[in-house]
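J.: Predicted model and sequence below, questions to follow.
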Amino acid sequence: MRAVVQRVQEARVEVDGRTVGAIGRGVLILLGIEHPDGEEDADYLASKIIHLRIFEDSDHKFNLSLADIRGEALVVSQFTLLADCRKGRRPSFDAAAAPEQARRLYEYFIRVIENASIAAASGKFQASMKVHLVNDGPVTVLLDSKKLF
C-alpha cells in the first residue's frame, strides 16, 4: 500500500462538478492499493500517517502530528500510484489490486482513521475526480507499507 501525504490548509474532491469530500487543516492522502495488501498494511499506514510529525510547533519545528493538532484527513483512492514506468512509455498497472479488494481496503483504511478520532472525508472510489488543495509548506511525504521508501 502506498500513500502520498500532503499537509494542507484545506482540500476538497469533486465528482461531476459536485464536492463529495472536503476538509480543513490536515492531510490529503492519495492511497494506492497493491495485490498482496491486507488489513495489516492499512493499519500500519493509517497509524504512521496519524502519528507522523509533519506539523510545526510554536518553534516552527516538525514536532506535531495529525492527532496532536486534531486535524482532518481527506482520503482519495489512486491506483496510479502503483504505475510501473520502467519499460516503454505506457505505465503498467499490473501491481494494482483488483477493484473489489481495493475498495474493501480503501473503506477499511478510512474506518481506521475515523476510529482514531480523526475526522475523515473521502473521494468516490473508481470515479474521475478533481482534487483541489492548498498545500501547506508545501509538505509532501511518500509512504509505503512494505517500507520500500
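T.: It's in. Numbering: from 1, shown residues only.

J.: how far away is the most far-flung residue of the chain relative to its centre from D94?
T.: Note on the chain: the largest C-alpha distance from the chain mean falls to G88, namely 28.0 Å (Cα atoms, centre = their mean). Per Cβ to Cβ, to the nearest Å, G88 is found 13 Å from D94. Backbone N, C-alpha and C define where each C-beta goes, glycine included.

J.: before we move on, what about V20?
T.: For V20, the distance to D94 - Cβ to Cβ - is 29 Å.

J.: about what we covered before: give me the pLDDT value at the residue farthest from the centre of the chain.
T.: pLDDT, the model's per-residue confidence, is 95 for G88.

J.: For stretch 54-65, measure first residue to last.
T.: 6 Å (Cα to Cα, to the nearest Å).

J.: thinking again about what came up before, and V20 and D94? Which one has more around it.
T.: V20 (16 against 10; other Cβ atoms under 10 Å).

J.: Number of residues surrounding the closest residue to the more buried one other than its chain neighbours?
T.: Leaving aside its chain neighbours, V20 sits nearest to K124 (5.3 Å; criterion: Cβ to Cβ, 6 or more residues apart in numbering). Other residues lying near K124 total 16 when counted by other Cβ under 10 Å.
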